[in-house]
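[1] Need a 3D model of the sequence below.
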Amino acid sequence: MNRVRLLVGTRKGGFILQSDSRRQEWQVSQPLFPGWEVFHINASPLNPDRLYASQSSGWFGQVLQRSDDGGQTWQAVGNAFNYMENPGNHLGYEGEALPWKFKRIWQLQPSLTQADEVYAGAEDAALFRSQDSGLTWQELSTLRQVKGELWQPGAGGLCLHTILLDKIHPGRIFVAISAAGAFRSDDGGASWKAINQGLKSPYELPDESVEVGHCVHNLAFHPDHPEVLYMQKHWDVLRSQDAGEHWTEVSGNLPSDFGFPIAVHAHEPQTVYVIPIKSDSEHYPPEGKLRVYRSRTGGNEWQALTDGLPQQDCYVNVLRSALAVDQLDPCGLYFGTSGGQVYASADSGDHWQPIVHDLPPVLSVEVQALP
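    The predicted structure follows:
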């Protein structure tokens with residue numbers, strides 16, 4: 001029988017939630033790194049007991065943690081990050097980095113093919129790679145050469161927040177940056193190109209021909225169909241049929257096309273999920289009703305999923321990394337809120353239940369299906 005493990009990062013620590021394949025009753029761990037912001041916790045797809053966590057505070061800075069026993073014990077593998085220095089396990093920007101200044105790691109993405117390889121997305125925007133399980137890091141600095149002088153911080157900072165690794169094309173990497181756009185490498189990070197054709201940002205970028213500068217909130221794809229990309233942007237939900245070369249808006253009948261997370265069903269490549277919020281200044285669900293929206297047609301036609309979710313007086317937000325899907329059948333979905341709730345559905349979103357109520361504000365949710 002399969003087990004499910006949720007890795008939850010919050011404003012005040014990390015948590016591990018576990019259940020069996022029915023996904024009805026959950027055990028909640030004591031907080032990991034209590035009192036620290038945990039931006040992201042993620043697991044290696046090649047070694048389910050290897051976890052990485054991004055731990056940070058305004059006082060002590062950034063620490064990367066690694067566990068090799070499923071989160072029971074942890075080892076700090078990065079603890080003094082300064083963009084002007086690069087000895088040992090520090091993350092250092094290559095070459096002339098100004099005005100970039102390292103602040104924190106937003107996302108950790110272990111490799112699909114190399115057990116000791118892991119990628120890290122930083123604020124200020126940069127992509128780093130470690131090939132020794134986090135002990136030493138190298139910036140893939142050619143990314144910043146794609147008109148990096150024109151990138152601007154979004155409301156959350158100049159952050160590289162999304163990393164997608166393509167198992168069909170092993171050298172292909174997608175990243176998203178606020179506020180710069182989406183980018184793709186086809187050669188393992190040696191070179192990059194902007195993939196923002198078709199994006200429209202009339203208030204921020206009146207010139208629709210600009211190559212970079214769009215505030216992309218998130219990217220998602222089905223791992224077996226990586227050429228079909230989905231994007232949640234600062235206004236607009238979009239789809240690309242050609243690995244990001246061109247984009248088409250698919251917001252359709254959504255009550256708002258503003259939001260942060262987006263995810264694809266584990267077994268249905270055309271089934272997509274978003275969680276809209278009212279606007280860029282009012283970060284809560286439209287009408288105070290918490291609704292996950294599902295499209296079974298790759299966008300345009302959306303269905304509100306509400307069973308088990310609060311439908312009045314709900315004013316929480318769901319951040320970009322706080323929605324995840326598992327690989328079980330039927331597919332499970334999970335999301336965390338700024339109010340500290342984590343909701344789960346064991347039937348592709350038809351029904352929901354809160355599996356924990358009172359965590360600190362949730363920053364990220366990842367899920368593992370375990371034997």
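
[2] how near is Arg296 to Tyr284?
    Counting by C-beta to C-beta, to the nearest Å, the separation of Arg296 from Tyr284 is 27 Å. Where C-beta positions appear, they are placed from N, C-alpha and C, glycine not excepted.

[3] And these two? Which one has more around it.
    The residue with more neighbours, out of Arg296 and Tyr284, is Tyr284; 18 against 14, by other C-beta atoms under 10 Å.

[4] isn't that one right up against Cys314?
    Yes: under the criterion of C-beta atoms under 8 Å, Tyr284 makes contact with Cys314 at 7.4 Å.

[5] which element follows the helix or strand of the chain with the lowest mean pLDDT toward the C-terminus?
    Between all helices and strands in the chain, the lowest mean by mean pLDDT, DSSP states H and E belongs to strand 75-78, at a mean of 84. Helices and strands here follow DSSP states H and E; after strand 75-78, the next one along the chain is strand 104-110.

[6] Tell me the helices and strands packed up against the least confident helix or strand of the chain.
    If you count contacts as 3 or more C-beta pairs under 8 Å, 6 or more residues apart in numbering; DSSP states H and E, strand 75-78 packs onto strand 61-67.

[7] Can you list the buried residues in the strand it packs on?
    Burial within strand 61-67, assessed by neighbour count using 16 or more other C-beta atoms under 10 Å, is assigned to Gln62, Val63, Leu64, Gln65, Arg66, Ser67.

[8] Please identify the helix or strand for the nearest residue to Gln27 once chain neighbours are set aside.
    Distance criterion C-beta to C-beta, 6 or more residues apart in numbering; nearest residue to Gln27, sequence neighbours excluded, is Gln18 at 4.9 Å. In this structure, Gln18 sits in strand 13-20 according to DSSP H and E.

[9] quick one: contacts of that strand?
    For strand 13-20, the external contacting residues (C-beta atoms under 8 Å, 6 or more residues apart in numbering) are 1-8, 25-29, 31-36, 38, 41, 53, 55, 70-71, 342, 355-356, 359-360.

[10] what residue lies at the spatial centre of this structure?
    Closest to where the C-alpha atoms of the chain average out (C-alpha atoms, centre = their mean) is Ser321, at 3.6 Å.

[11] which ones are touching it?
    Gly9, Phe39, His40, Trp106, Gln107, His161, Pro261, Leu363, Ser364, Val365.

[12] Let's see that with 10 Å instead.
    9, 39-42, 106-107, 161-162, 218, 260-261, 336, 362-366 (C-beta atoms under 10 Å, 6 or more residues apart in numbering).

[13] Bridging across strands, which residues link to it?
    Judged by DSSP bridges, the bridge partners of Ser321 are Ser364.

[14] repeat for Val237
    Bridge pairing for Val237 - DSSP bridges - gives Gln232.

[15] Could you check how far the residue nearest to Gln131 when sequence neighbours are not counted is from Tyr230?
    Closest residue to Gln131 apart from its sequence neighbours, by C-beta to C-beta, 6+ apart: Glu117 at 5.1 Å. Glu117 is 26 Å from Tyr230, where distance means C-beta to C-beta.

[16] and what of His246?
    For His246 relative to Tyr230 (C-beta to C-beta), the value is 14 Å.

[17] Overlap in contacts, these two.
    Contacts common to His246 and Tyr230, judged by C-beta under 10 Å, 6+ apart, are Leu238, Arg239, Ser240.

[18] show me the contacts for the second one.
    Residues in contact with Arg239, defined by C-beta under 10 Å, 6+ apart, are 198, 228-231, 246-250, 270, 272, 295, 298-300.

[19] Any idea how many residues pack against the nearest residue to Leu229 once chain neighbours are set aside?
    The shortest distance from Leu229 to any non-neighbouring residue, by C-beta to C-beta, 6+ apart, is to Ser240 (4.4 Å). Using other C-beta under 10 Å, Ser240 is surrounded by 21 other residues.

[20] show me where pLDDT drops low in the stretch 1-150 of the chain?
    Applying pLDDT under 70 to the stretch 1-150 of the chain flags residues 1, 78-91, 96-98.

[21] correction: the stretch 251-371 of the chain
    For the stretch 251-371 of the chain, no range has pLDDT under 70.

[22] now with 90?
    Counting by pLDDT under 90, the stretch 251-371 of the chain contains low-confidence ranges at 371.

[23] just the strands in it please.
    Counting by DSSP state E, counting those that start in this stretch, the stretch 251-371 of the chain has these strands, from start to end: 258-264, 272-277, 292-295, 303-305, 323-325, 333-336, 342-345, 353-356, 362-370.

[24] Would you mind listing the buried residues in the fourth one?
    Burial within strand 303-305, assessed by neighbour count using 16+ other C-beta under 10 Å, is assigned to Leu305.

[25] Adjacent strands (with direction) for it?
    Take DSSP bridges as the rule and strand 303-305 pairs in its sheet with strand 292-295 (antiparallel).

[26] Then the second one?
    Looking at strand 272-277 with DSSP bridges, its paired strands and their directions are strand 258-264 (antiparallel), strand 292-295 (antiparallel).

[27] could you flag which of the contacts of Arg239 are buried?
    Buried, going by 16+ other C-beta under 10 Å: Gly198, Val228, Leu229, Tyr230, Met231, Trp247, Glu249, Val250, Val272, Ser295, Gly298, Gly299, out of the contacts of Arg239.

[28] Please consider this matter closed, and thank you.
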